[in-house]
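Trainee: model this:
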Amino acid sequence: MRDSLFWMLVLAVVMTALFVVNSRHQHRVAYLAFQEQEDVRDKLNDEWGMLLIEKQLWSSPAVIEKDSREKLSMRAPSSSDIEFIELGASNSEVQHASR
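Mentor: Coordinates of the predicted model:
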């Protein structure tokens, strides 16, 4: 009886040790996956910051005006090209005013 109890306790200790080793291994694997995801998050945050800077650059009025002039051959209207239309007026009552 004593021998069987002893061997059961040895078996229980060995099984517990194996479970602890397995648990530690799973924890390490999960932690490595977590660190990889943190790296991905950091890279995405860096890219997002760069995109925000680029958006701010491309949406500045000076860049828009320069690109519209150079790429689209657009120009600012002269005062003779500007017409004012009164809202709510019928087609026959439209007033054209020049600045």
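
Trainee: the longest helix anywhere in the chain: what's the following helix or strand?
Mentor: Scanning the chain for the longest helix, with DSSP state H as the assignment, gives helix 2-58. Downstream of helix 2-58, the next assigned helix or strand under DSSP states H and E is helix 61-71.

Trainee: give me the contacts around that following helix.
Mentor: 57, 58, 74, 75 (C-beta atoms under 8 Å, 6 or more residues apart in numbering). Where C-beta positions appear, they are placed from N, C-alpha and C, glycine not excepted.

Trainee: quick one, the longest helix of the chain and helix 61-71 angle?
Mentor: 70 degrees (axes from the mean of the first three to the mean of the last three C-alpha atoms, to 10 degrees).

Trainee: just give me how far helix 2-58 sits from the chain centre.
Mentor: 25 Å (C-alpha atoms, centre = their mean, to the nearest Å).

Trainee: before we move on, the earlier item: between the contacts of helix 61-71, which is nearest residue 49?
Mentor: Lowest distance from residue 49 to those (C-beta to C-beta) belongs to residue 57, with 12.8 Å.

Trainee: now do that closest one against residue 64, distance only.
Mentor: The gap separating residue 57 from residue 64 is 11 Å, by C-beta to C-beta, to the nearest Å.

Trainee: and for residue 83?
Mentor: Look at residue 83 and residue 64: by C-beta to C-beta, they are 23 Å apart.
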